[in-house]
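Engineer: sequence first, then the predicted structure:
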Amino acid sequence: MRFNDPRRLGPRITLDGLCGVVTHKDLVPAAMVDLSSMGLRVERPFDPASASRTVQLEIELPGVDEIVWASGHVTFAQLSPMGGRHADGQPRLWCRAGIQIDAAAGRDLRMLREYVIETRRARLSAVERPVLDISLAA
């Protein structure tokens, strides 16, 4: 888990989850890497045909049977080569994108904020409390 950057206004958690990104009416799955109450970082193969600065998000919260629908905009995107080429000869690229959440239902925003805070709190308390192994081996 990374510690907060002083520029950040809220806590951020590292996780391994799924997120659906809707651009130009196509739902494309992406790996959700970081999550905060105000945004997230996703990774997926880059498709220039569906690239857009404004996206709709279908965020699946790990361990919770809820899906958060939100809209947001891409604040940064980093492309790196994956190796190989597409059928049209263009190189295959991997995209890491930071997305700021612009709008969602109030209930979903509260649930997202509580999920991030409680997950972070649980992880910090697990790190701070060492587990002692007391065995009765003679």
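Structural biologist: Yes, it's here.
Engineer: grab the nearest non-local neighbour of residue 58.
Structural biologist: The spatial neighbour of residue 58 that comes closest, neighbours along the chain excluded (C-beta to C-beta, 6 or more residues apart in numbering), is residue 20 at 3.4 Å. Where C-beta positions appear, they are placed from N, C-alpha and C, glycine not excepted.
Engineer: wait, what's in contact with the one you found?
Structural biologist: By C-beta atoms under 8 Å, 6 or more residues apart in numbering, the contact list for residue 20 reads 27-30, 57-58, 60.
Engineer: what's the closest of these to residue 100?
Structural biologist: Nearest to residue 100, judged by C-beta to C-beta, of the contacts of residue 20 is residue 57 at 10.7 Å.
Engineer: so the most centrally placed residue in the chain: helix, strand or coil?
Structural biologist: Central residue of the chain (C-alpha atoms, centre = their mean): residue 32, 3.2 Å from the mean position. Of the three states, residue 32 takes strand under DSSP: H, G, I helix; E, B strand; the rest coil.
Engineer: give me the beta-bridge partners of it?
Structural biologist: Per DSSP bridges, the residues bridged to residue 32 are residue 17, residue 42.
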